[in-house]
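Participant: heads up, no residue letters with this:
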């Protein structure tokens, strides 16, 4: 059990009366509107869609909160914005969030971020033209690969997968190109890259559109889960792209990574609690645009790895679910 899990469990076991007393202040039908900026992702991407849906849901709820989505390049960029205080809320992939709180890899020091919930799982997609020469990950040696935008979580997981396969450096290295999803799809369609990495919900609309234009092959990646977990912890899991999605004739094993809704620790407890109330009341609407068939459950939502839960989140889960 990690230190974060120990802290989380102790906090969740605290007396409800003490937690409730600490939550007074933000919720309620009177007082000024509290404006919270939410770092999402690029326009047209799943984080951006989730952020806009959350803003609409909060506005419709009668809450005294206002959520303002901010377009970004996604996970790593979002965590930096959260740490520096230019936003109060952010979405980020679990692997990048763990790096942030531990001060490793892309982060030179631990970042001051907390979690409100683990909201859904990203599926790592590695796709190539079906009639092209690439049949396995190792065939990418020396070839151009769209590996996610700079500052994105896609870039993190793509780089780790390539390094695990021995394709991260030297003459055998894949030639990683930092491209967002729309640019990656265009580059694959035009033959400017031989493969495309993406991490997102299933199906991702942009990839469904691409699959209707270009016959695609999705390469299995589940064989790399063990190596990634050994190097970077249990944020990586084995998941399956199901048959039928993107026109797949059979399932394809790949790598799953959770997505967290995060907050600065100075966001008021009452505001965090109010926001989570909307998230859990409207989760089916929020997830509709980002991943099919997902559910948001408390035991899933509190599994935030190295990232400690925000005190307001602890209060919410304790008061509602015991």
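Facilitator: Yep, it's here. Just so it is clear, the structure is predicted and the values come from calculations on it, not from any experiment.
Participant: pLDDT-wise, which helix or strand of the chain ranks last?
Facilitator: In the chain, no helix or strand scores lower on mean pLDDT, DSSP states H and E than helix 16-22, which sits at a mean of 35.
Participant: after that one comes which helix or strand?
Facilitator: Sequence-wise, the next helix or strand downstream of helix 16-22 (DSSP states H and E) is strand 34-39.
Participant: Mind listing what's buried along the helix or strand that that following strand is followed by?
Facilitator: Going down the chain from strand 34-39, the next helix or strand is helix 46-61, by DSSP H and E. Applying a neighbour-count criterion of 16 or more other Cβ atoms under 10 Å, one finds 46-55, 57-58 buried in helix 46-61. (Each C-beta comes from the backbone N, C-alpha and C, glycine too.)
Participant: list the helices and strands helix 46-61 packs on?
Facilitator: Secondary-structure packing of helix 46-61 (3 or more Cβ pairs under 8 Å, 6 or more residues apart in numbering; DSSP states H and E): strand 34-39, strand 65-70, strand 89-93, helix 269-281, helix 283-288.
Participant: Of all those, which one comes closest to residue 188?
Facilitator: When the helices and strands packed on helix 46-61 are compared by Cβ to Cβ, strand 89-93 sits nearest residue 188, at 21.8 Å.
Participant: and the closest one, what other elements does it pack with?
Facilitator: So strand 89-93, by 3+ Cβ pairs under 8 Å, 6+ apart, packs with strand 34-39, helix 46-61, helix 75-84, strand 114-129, helix 153-164, strand 252-263.
Participant: Out of those, the one nearest residue 176 is which?
Facilitator: Nearest of these (Cβ to Cβ): helix 153-164, 7.0 Å.
Participant: Could you point out the helix or strand that follows that closest one?
Facilitator: Remark: after helix 153-164, the chain's next helix or strand is strand 175-177, criterion DSSP H and E.
Participant: give me the number of residues near residue 142?
Facilitator: For residue 142, the count of nearby residues is 12 (other Cβ atoms under 10 Å).
Participant: Residue 182 now?
Facilitator: With other Cβ under 10 Å as criterion, residue 182 counts 14.
Participant: Could you tell me which residues make contact with it?
Facilitator: By Cβ atoms under 8 Å, 6 or more residues apart in numbering, the contact set of residue 182 is 42, 44, 206.
Participant: And the helix or strand containing residue 316, what does it pack against?
Facilitator: Using DSSP H and E, residue 316 sits within helix 311-321. Helix 311-321 is packed against helix 3-12, helix 16-22, strand 114-129, helix 269-281, helix 298-301, with contacts defined by 3+ Cβ pairs under 8 Å, 6+ apart.
Participant: Which of those comes out lowest on mean pLDDT?
Facilitator: Across the helices and strands packed on helix 311-321, helix 16-22 has the smallest mean pLDDT, namely a mean of 35.
Participant: I'd say residue 54 and residue 281 touch.
Facilitator: No - with contact defined as Cβ atoms under 8 Å, residue 54 does not reach residue 281; the gap is 11.6 Å.
Participant: What are the buried residues along stretch 280-296?
Facilitator: Neighbour count says stretch 280-296 has 280, 282-283, 286-287, 290-291, 294, 296 buried, by 16+ other Cβ under 10 Å.
Participant: May I have the distance across that stretch, first residue to last?
Facilitator: 7 Å (Cα to Cα, to the nearest Å).
Participant: swap in stretch 66-82?
Facilitator: Stretch 66-82: ends 17 Å apart by Cα to Cα.
Participant: on that earlier part again, for residue 230, which of the helices and strands packed on strand 89-93 is the nearest?
Facilitator: Closest approach to residue 230 among the helices and strands packed on strand 89-93 is made by helix 153-164 (9.6 Å; Cβ to Cβ).
Participant: Please work out the average pLDDT along that closest one.
Facilitator: 96.
Participant: for the helices and strands packed on helix 46-61, which one ends up most surrounded?
Facilitator: Highest mean neighbour count of those: strand 89-93, a mean of 29 (counted as mean count of other Cβ atoms under 10 Å).
Participant: Determine how far the helix or strand following that strand lies from the middle of the whole chain.
Facilitator: Next in sequence after strand 89-93, counting helices and strands by DSSP H and E, comes helix 94-102. Relative to the centre of its chain, helix 94-102 is centred 11 Å away, using Cα atoms, centre = their mean, to the nearest Å.
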